[in-house]
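Enquirer: After the sequence you'll find the predicted model.
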Amino acid sequence: MELSLVVPAYNERENLAPLLDEIASALAGRTYEVIIVDDGSTDGTLEALKALRARHPQLRIIAFERNAGQTAAFAAGFRAARAPIVITLDADLQNDPADIPRLVEMLEQTDATAVAGYRANRRDTSWKRLQSRIANGVRNRLNGEVIRDTGCSLKAFRTDALRELPLFAGMHRFLPTLIKMQGGTVTEVAVGHRPRRHGKTKYGMWNRVLRSLADAFAVRWMQRRALRYRVREEY
């Protein structure tokens, strides 16, 4: 198996069938699995996923008892992944699965530990773009980062590196920074972005800017307290 796609889903029932169809088209000829983590949905997401398994044998389902948040969903998917490369993306169809091969190609052709997508042409309201720009700037300033779009979920990682990361609530926004803290390298690739077709956004000013500020301080503390040493000899 070449790829494990990890997709958190919270009340995304109407987006699941087209998402899986687009993934199948984008990854034709590759071996992959799609791990969709139902984060305590209440709209019938789990039932829809079970029905879709008949058409999509690559689909694996992890269902939480209750809503635990996006980082928890990613963590569960990372533990379950069986391929050497993990792709993360949202279930809301705003990430375009057609961009996945480009991320994988960049990862395979370089020594990078991760490839982070950045939305070159965001299809959101001006208010939402402003919130994201502020949140991204705050995170980068506090953490000494230059990641162009920390809020873009479309990323590619080497699985073994992901499993070494310390994950806590809210840490999904800082995966590239955590990779660098472990000695890894991150490169970036422009990806597409689409307007949401179904369902409602799960993010507003509180969890996009204010909560991410607290999370950025937590990561800053981790950066300052991280163990740094190099072994000169060992017998």
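Expert: Sure thing, it's come through. Numbers count the residues shown, from 1 in each chain.
Enquirer: going on from the worst-scoring helix or strand of the chain on mean pLDDT, what's the next piece of helix or strand?
Expert: Within the chain, confidence by mean pLDDT, DSSP states H and E is lowest for helix 205 among all helices and strands, at a mean of 52. Past helix 205, further along toward the C-terminus, the next helix or strand under DSSP states H and E is helix 211-225.
Enquirer: Remind me what that following helix packs against, helices and strands.
Expert: helix 126-143, helix 175-181 (3 or more Cβ pairs under 8 Å, 6 or more residues apart in numbering; DSSP states H and E). (Glycine included, C-beta is placed from N, CA and C.)
Enquirer: can you tell me how far the nearest residue to residue 162 once chain neighbours are set aside sits from residue 109?
Expert: Counting by Cβ to Cβ, 6 or more residues apart in numbering, residue 78 is the residue found nearest to residue 162 once chain neighbours are left out, at 4.9 Å. Taken as Cβ to Cβ, to the nearest Å, the spacing of residue 78 relative to residue 109 amounts to 23 Å.
Enquirer: Give the residue from these two that has the larger number of neighbours.
Expert: residue 78 (20 against 8; other Cβ atoms under 10 Å).
Enquirer: Can you classify that one as helix, strand or coil?
Expert: Look at residue 78: counting by DSSP: H, G, I helix; E, B strand; the rest coil, its state is helix.
Enquirer: same question, residue 6
Expert: Three states are possible here, and by three-state DSSP the one that applies to residue 6 is strand.
Enquirer: Going along the chain, name the helices of the protein.
Expert: Listed in chain order, the helices found in the chain under DSSP state H are 13-26, 45-52, 70-80, 100-109, 126-143, 159-162, 175-181, 205, 211-225.
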